[in-house]
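Trainee: no FASTA, just this:
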């Protein structure tokens, strides 16, 4: 599997944490004061993560942002669930590209 970008890695990690906490996109967005679309864009790696985004997510999701970044730096692999989600996304992207041809 190709190396993940920082934005994709953080997005997947935060999505799994959000889901583990039982929060919807809308609920997290309300707590952060942003739209659910903004949350989705971060989770999908469409929007670059800023330090303030990571800190805000970490506070609401009750996780240690330093540990998340340390995992990224150390190359800690994503869970099997996150890897399946990533592959599913990549397949969907390839299908869209092929459909345009």
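Mentor: Perfect, I can see it now. On a predicted model such as this, the values are computed, not experimentally measured, just so you know. Numbering: from 1, shown residues only.
Trainee: Other residues contacting stretch 16-31?
Mentor: 35-36, 38-40, 43, 57, 60-63, 79, 81-82 (C-beta atoms under 8 Å, 6 or more residues apart in numbering). C-beta coordinates here come from the backbone N, C-alpha and C atoms, glycine included.
Trainee: and the helix ranked longest in the chain, how far out from the chain's middle?
Mentor: Identified as the longest helix of the chain according to DSSP state H is helix 80-99. How far helix 80-99 lies from its chain's middle: 14 Å, per C-alpha atoms, centre = their mean, to the nearest Å.
Trainee: model confidence over that helix, on average?
Mentor: For helix 80-99, mean pLDDT is 78.
Trainee: Of all the residues in that helix, which ones are buried?
Mentor: 82, 85-86 (16 or more other C-beta atoms under 10 Å).
Trainee: Would you mind checking which of those is nearest to residue 67?
Mentor: Of all the buried residues of helix 80-99, residue 82 has the smallest distance to residue 67: 16.0 Å, by C-beta to C-beta.
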